[in-house]
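A.B. asks: Just need the structure, nothing else, for what follows:
(chains A and B)
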There are 2 protein chains.
Amino acid sequence: MKVVLASNNAHKLDEIRAAIQGSGLEIISLQEAGIHDELPETTGTIPGNAMQKATYVFEKYGIACLADDSGLLVEALSGRPGVDSAHYSGSRDAEANIRKVLAELHGHSNRNAAFITVLAFKSAESELIFEGRVLGKICEIPSGVNGFGYDPIFMPTGYDRTFALMPAEEKVSMSHRTRAIEKFLEHYNQHGLR
Amino acid sequence: MKVVLASNNAHKLDEIRAAIQGSGLEIISLQEAGIHDELPETTGTIPGNAMQKATYVFEKYGIACLADDSGLLVEALSGRPGVDSAHYSGSRDAEANIRKVLAELHGHSNRNAAFITVLAFKSAESELIFEGRVLGKICEIPSGVNGFGYDPIFMPTGYDRTFALMPAEEKVSMSHRTRAIEKFLEHYNQHGLR
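C.D. replies: Below is the predicted model of the structure:
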């Protein structure tokens, strides 16, 4: 089965393609499918946006589509930045986004947070949704230069360093995105896709 | 933890409350929470609408919320009626909706379909999503009077009668809604909720 992967983030694309390759699914990028649309992300929630993107591509181009959306949920901020994680400060500047979260959390003792990724698959017969998440805490001071986004301030439960201080392989081994991909592959191996 | 259940369908409410009661979660209805809003369902996808409703209640009323959305996906109809299942004919009349699906499927030999339910949970730290589905076929002629919606034309794989011909307990034992609830409870038992 040919599946187009609707992610415009090269990081995510590499990670998902690497995990899925060898599964027997033929994965192509938006570019390879000749799709240059800006995909809609207007639902206001993470799973909503993931399925919105997959549905848009399937309905417009008639090809099965796997799309993802991710975000950081901070408990003391009522789940913000959530669906707005990528542009929380008003721009896509990761440092500005981190500064805003740290400023809003200033003085809060509750630093609980969760990173989530939702993968949505849409085809003629399927509308599947898989979620991965990692619980952790928000550090007071950013540290590390690996990864991207909020990685410098996110310390997963059971670890004493942020995602951005981990080598890529270590983060990938436990990441929210990896967990979502594992759920997708588990479903595929058990039930196939159609 | 107190959770408001954002379902306006008495059928679903009973089913979900029955399954969740005894879990230690305190489940209250929208009415018991004093919430009389019409909940938004404008995302165009099933998981999107489930999470949109849960997020709306959490953000407006500050109470953790579990919401659901369901639909029938017919392969030969490119996944329709899908998110529009409840009002596919333009009204909420189940018979009219069934007639429209049967008319559109007329002459198609591919009768594959799936019933799906998505449960979405939104709280300060969590944005969880659980999906249950049942594969089956669309019959040429409705049969049975039990259940609701498309039950008279949906025959689950491995059975020789429609959902509407089954006693309530038999349908509940295998339904898409039950499977989604089971996934939610499995998560709750393993990880708790916060």
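
A.B. asks: show me what contacts the residue in chain A that chain B sits nearest to?
C.D. replies: Nearest residue of chain A to chain B, counting by CB to the nearest CB: A:Gly48, 3.1 Å away. No exception for glycine: its C-beta is placed from N, CA and C like everyone else's. Contact analysis of A:Gly48 by CB atoms under 8 Å, 6 or more residues apart in numbering or on different chains lists A:83, B:43, B:45, B:47-49, B:51-52.

A.B. asks: Which ones among those lie within helices?
C.D. replies: Judged by DSSP state H, the contacts of A:Gly48 include B:47-49, B:51-52 as members of helices.

A.B. asks: export the contacts of A:Gly48 to JSON lines and tack on distance to B:Val145 and pLDDT?
C.D. replies: Listed next are these as JSON lines, based on distance: CB to CB, whole Å; pLDDT from 0 to 100:
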{"residue": "A:Val83", "distance to B:Val145": "42", "pLDDT": "95"}
{"residue": "B:Thr43", "distance to B:Val145": "33", "pLDDT": "94"}
{"residue": "B:Thr45", "distance to B:Val145": "31", "pLDDT": "94"}
{"residue": "B:Pro47", "distance to B:Val145": "31", "pLDDT": "95"}
{"residue": "B:Gly48", "distance to B:Val145": "32", "pLDDT": "95"}
{"residue": "B:Asn49", "distance to B:Val145": "28", "pLDDT": "96"}
{"residue": "B:Met51", "distance to B:Val145": "33", "pLDDT": "96"}
{"residue": "B:Gln52", "distance to B:Val145": "33", "pLDDT": "96"}
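
A.B. asks: Most neighbours among those, please name it.
C.D. replies: B:Met51 (35 neighbours; other CB atoms under 10 Å in any protein chain shown).

A.B. asks: pretty sure that residue is touching B:Ser126, no?
C.D. replies: No. Contact criterion CB atoms under 8 Å: B:Met51 and B:Ser126 do not qualify, at 11.2 Å.

A.B. asks: related to what we said a few turns ago, now the residue of chain A closest to chain B. Nearest residue, chain neighbours left out?
C.D. replies: B:Gly48 (3.1 Å; CB to CB, 6 or more residues apart in numbering or on different chains).

A.B. asks: how close does the one you found sit to A:Tyr188?
C.D. replies: Distance check for B:Gly48 against A:Tyr188: by CB to CB, to the nearest Å, it reads 22 Å.
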